[in-house]
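[1] the following comprises the amino acid sequence and a computationally predicted model.
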Amino acid sequence: MKNFIIIFLLFSYTLNLFSAEEALKPEQYNFSFSKPLGKINKNSAQRGLQVFIEVCASCHGLKHVAYRSLEELGYNKDQVNSIAAQFQIDDLPNEEGEILKRKAIYSDYFVEPYKNLNEAKTANNGAYPPDLSLMVKARKDGANYVRSLLLGYNEPPSGFDVGEGYYNKYMAGNVIAMPQPLYGDDVEFSDGTKATLEQEVNDLVTFLTWTSMPDLENRRAAGIKVIFFLLVMTILFYISYRKIWSELKT
Amino acid sequence: MANLNKKNKGVIDWIDYRLPIVSFLKHSAVDYPTPKNLNYWWNFGSLAGFFLLVQIITGIILSMHYTAHVDHAFDSIEHIMRNVNHGWLIRYIHMNGASFFFIVVYIHIFRGLYYGSYKAPRELLWWLGILILLLMMATAFMGYVLPWGQMSFWGATVITNLFSAIPFIGESITQWLWGGYSVDNPTLSRFYTLHFLLPFLIVGVVILHIVALHTHGSNNPLGIDKKGPQDTIPFHPFYTIKDLFGLSFVLTIFFTVVFFAPDYLGHPDNYVPADPLKTPAHIVPEWYFLPFYAILRAIPDKLGGVIAMFSAIFVLFLLPWLDTSKVRSATFRPIYKKLFWIFVLDALILGWVGSKPAEGIYIIISRLATLYYFVHFLILLPLLGKFEKNRPLPESIGKPVLAE
């Protein structure tokens, strides 16, 4: 049986050499959450929120995330309300049936940048900017992928036609419709961190990892307890099993 | 148990005299005589039952928060993940529970293949098991459509389109399944209804499976019939504790995946909402369908591929008669033992090649592996029973155990 497994592994390895990769594999980066027990770095995620609001939010939505959940990143309720107040949202119809705008509050979800898909398409050459709530989960090796992509803009090699798009070596097909969004010094961080391109990207990816997996920290913390409990239970069951079966031999 | 106080005993006896549930349980889960030589591969039946229960319980809770409508399904899953108390845990258990249900069931099936558990008098037990597998596949397929992500939509499109390969009436059948002219809202809502219904049918077939099992009792690693009470031990406490140990061990692995790699077995594309205008680069089914997906794609003709895929499962119904050997356990069948492991390897290759794009070398591999799959059942097994010289069988189950 062992031989079969070894043959199978060798076999699948050699065959992998034949498979053509479509785009460059993302560069591996050691985020605060990369290790199995790692956590979301709250300061980094707060800076990432700032990058998102000041740069990304003009085209990208975050529709699954409610402002109230920003408390998990270490803001208090007043701070969350003032973050939400930067956005205008449709109010409920008033007595005359008109829909007026109001400032978003704590309980609202992130306001969408466009009224609908068609408006989003028209404003962006026919390619709508995807919602970013789940982006890190929606791509293979998502955190590294998004980071590599945002750092991966280059001049196209000579003779490479990008059409209306832009060259990016981490994008499948190497052409991306989104122009390079971050260059460094796009924002001024309130905590004094220098806004280099890589710093902005790392912070943004940390924030987007949290929006994709708000459960991450609770999940890992609960996981340690559950696995510890199960290991102890397994050992106890094993001891009981041996004890009960030992009666059989006599 | 003998120390139950008098009053309680009186009540239980009173009930049992009128409705014999207690004596039924005692007969089939406590005293039930079980071969004394079962190894750990016999743990997987009860594990499968456990995961069925997990799926039903978590599924019922999820159904309280899920909305089966193309405009709301994806968002309602995110509502579960973000707003429902411990919703992420319940959903991750349900998602990975499906995978683990298939893992334990596949091991359970391969156990049956190795030890000849499908042979007389257990043919119907085997049939009921394959029926459970088919129902599981239908349930899992429809369940994967419910989050209404890209893979949900395109997986559903590919698989329902298979029915259009049926000559003459294929188109009509496909439209009848869809409830329209493409996979759309009627498809989603009926898949939800059936996804809710089928698990309870599985429970029904599982009960029949257990009734059939208890009629002649478990097979065992030696594959010989039990000769008397010296060959058996009561199910409780010997196998209850062994099953509990096995369950606890598997749960440790299961929850490691649930808590630390919950999306590892899924596909990232399913976190992209379904878009009927955008086809994903590679449409792949969940991992547990990959071997069958490989067989489907190995045949260059659509109808042929569909027939081959369904035959891959239906050939299992014939297995009790295709395997002509009278000896059950591979332990005493030197050639079959080798063929069994080659077959396992073949199934793994099919699963692996099913995850690759259908091009170049992968097509050749999938064709050879598909060919071997059927050669194993239709040619090798019938011939083997005629030519293979089996090793001498032990006289009884009790004997080799005592000799150790």
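    Ah, there it is. Owing to the predicted nature of the structure, the values given are computational and were not obtained by experimental measurement.
[2] near chain A, which residues of the stretch 301-404 of chain B?
    Proximity of the stretch 301-404 of chain B to chain A is confined to B:Trp341, B:Ile342, B:Val344, B:Leu345, B:Leu348, B:Ile349, B:Trp352, B:Lys356, B:Pro357, B:Gly360, B:Ile361, B:Ile365 under the rule CB under 8 Å from any CB of the partner chain. The C-beta positions use only the backbone N, C-alpha and C, and glycine is treated the same way.
[3] buried subset of the residues you listed?
    B:Trp341, B:Val344, B:Leu345, B:Leu348, B:Ile349, B:Trp352, B:Lys356, B:Ile365 (16 or more other CB atoms under 10 Å in any protein chain shown).
[4] and these, which is the shakiest by pLDDT?
    Sorting those by pLDDT puts B:Lys356 at the bottom of the list (93).
[5] now do the same contact list for the closest residue to chain B within chain A.
    Ranked by CB to the nearest CB, the top residue of chain A for proximity to chain B is A:Gly223, at 2.8 Å. Residues counted as contacts of A:Gly223 (CB atoms under 8 Å, 6 or more residues apart in numbering or on different chains) are B:Phe255, B:Thr256, B:Val258, B:Phe259, B:Phe260.
[6] so which of those reach chain A?
    Okay, of those touching chain A (CB under 8 Å from any CB), that's B:Phe255, B:Thr256, B:Val258, B:Phe259, B:Phe260.
[7] so the fourth one, which of the three states?
    Classification of B:Phe259 into helix, strand or coil gives helix, according to DSSP: H, G, I helix; E, B strand; the rest coil.
[8] contacts only, for it.
    With CB under 8 Å, 6+ apart, B:Phe259 has these contacts: A:Arg219, A:Arg220, A:Ala222, A:Gly223, A:Val226, A:Ile227, B:Tyr92.
[9] point out the ones among those that are inside helices.
    Per DSSP state H, helices hold the following members of the contacts of B:Phe259: A:Arg219, A:Arg220, A:Ala222, A:Gly223, A:Val226, A:Ile227, B:Tyr92.
[10] let me know the pLDDT of the first one.
    The pLDDT attached to A:Arg219 in the predicted structure is 97.
[11] from what I can see it touches B:Ala261, true?
    No. Assessed by CB atoms under 8 Å, A:Arg219 is found out of contact with B:Ala261, at 10.6 Å.
[12] these two - which one has more neighbours?
    The neighbour comparison of A:Arg219 against B:Ala261 (other CB atoms under 10 Å in any protein chain shown) goes to A:Arg219, with 17 against 12.
[13] residue contacts, that one?
    A:Met213, B:Trp88, B:Leu89, B:Tyr92, B:Phe259, B:Pro262.
[14] among the ones next to chain A among the contacts of A:Gly223, which pair sits farthest apart?
    Spatially, the most separated pair among the ones next to chain A among the contacts of A:Gly223 is B:Phe255 and B:Phe260, at 8.8 Å (CB to CB).
[15] neighbour-wise, which of the two wins?
    Neighbours per residue (other CB under 10 Å) separate B:Phe255 from B:Phe260, with B:Phe255 holding more: 20 against 15.
[16] secondary structure element holding that one?
    Here B:Phe255 sits within helix B:235-260, counting by DSSP states H and E.
[17] hang on, the earlier thing: and which of the contacts of A:Gly223 is nearest to chain A?
    The closest of the contacts of A:Gly223, once distances to chain A are taken by CB to the nearest CB, is B:Phe259, at 2.8 Å.
[18] distance-wise, check that closest one relative to A:Glu217.
    To A:Glu217, B:Phe259 is 12 Å away according to CB to CB, to the nearest Å.
[19] how about A:Met233?
    25 Å.
[20] before we move on, what about B:Ile93?
    Relative to A:Glu217, and taking CB to CB, B:Ile93 is found at 19 Å.
[21] just want to know which of those two has more residues nearby.
    B:Ile93 (24 against 16).
[22] got the contact list for that one?
    So B:Ile93 contacts B:Val54, B:Thr58, B:Val258 (CB under 8 Å, 6+ apart).
[23] do B:Thr324 as well
    Here B:Thr324 is in contact with B:Leu381, B:Pro382, B:Leu384, B:Gly385, B:Lys386 (CB under 8 Å, 6+ apart).
[24] most surrounded residue in the residues you listed?
    Going by other CB under 10 Å, B:Leu381 tops the contacts of B:Thr324 with 20 neighbours.
[25] show me which residues of the stretch 151-300 of chain B sit near chain A.
    So far as CB under 8 Å from any CB goes, the stretch 151-300 of chain B lies against chain A at B:233, B:237-238, B:241-242, B:244-245, B:248-249, B:251-252, B:255-256, B:258-260, B:262-263, B:268-269, B:271-272, B:281.
[26] from these, list the buried ones, please.
    Buried among those by 16+ other CB under 10 Å: B:233, B:237-238, B:241-242, B:244-245, B:248-249, B:251-252, B:255, B:258-259, B:262-263, B:268-269, B:271-272.
[27] how much space separates B:Gly266 from B:Phe102?
    For B:Gly266, the distance to B:Phe102 - CB to CB - is 13 Å.
[28] again but with B:Tyr144, I slipped
    Where B:Phe102 is concerned, B:Tyr144 sits at a distance of 12 Å (CB to CB).
[29] now do B:Val257
    13 Å.
[30] who has more neighbours, the two?
    Of the pair B:Val257 and B:Phe102, B:Phe102 is the one with more neighbours under other CB under 10 Å, namely 21 against 18.
[31] wait, the more buried one sits on B:Ala140?
    Yes. B:Phe102 lies in contact with B:Ala140 (CB under 8 Å); the separation is 7.2 Å.
[32] and the strands in chain A?
    A:88-90, A:101-103, A:166-167, A:175-176 (DSSP state E).
[33] quick one: low-confidence ranges for chain A?
    A:1-22, A:250 (pLDDT under 70).
[34] separation between A:Ala177 and B:Phe100?
    40 Å.
[35] the more surrounded of these two?
    More crowded of A:Ala177 and B:Phe100, by other CB under 10 Å: B:Phe100, with 23 against 16.
[36] count the neighbours of the residue lying closest to A:Phe160 once chain neighbours are set aside for me.
    Closest residue to A:Phe160 apart from its sequence neighbours, by CB to CB, 6 or more residues apart in numbering or on different chains: A:Tyr167 at 6.7 Å. Number of residues near A:Tyr167 (other CB under 10 Å) recorded here: 18.
[37] A:Tyr167 contacts A:Ser158, correct?
    No. Look at A:Tyr167 against A:Ser158 with CB under 8 Å: they stay out of range, at 11.3 Å.
[38] show the subsequent helix or strand relative to the helix or strand encompassing B:Leu345.
    Taking DSSP H and E as the criterion, B:Leu345 maps to helix B:334-354. The helix or strand immediately downstream of helix B:334-354 is helix B:361-375, counting by DSSP H and E.
[39] buried ones in that next one, by neighbour count?
    For helix B:361-375, by 16+ other CB under 10 Å, it's B:Tyr362, B:Ile363, B:Ile365, B:Ser366, B:Arg367, B:Ala369, B:Thr370, B:Tyr372, B:Tyr373.
[40] mind listing the strands for the stretch 1-150 of chain B?
    Secondary structure of the stretch 1-150 of chain B by DSSP state E, counting those that start in this stretch: the strands cover B:33-35.
[41] show me the contacts for the residue of it found nearest chain A.
    With CB to the nearest CB as the measure, B:Trp88 is the residue of the stretch 1-150 of chain B nearest to chain A, at 3.9 Å. Listed by CB under 8 Å, 6+ apart, the contact set of B:Trp88 reads A:Asp215, A:Asn218, A:Arg219, B:Ile80, B:Met81, B:Arg82.
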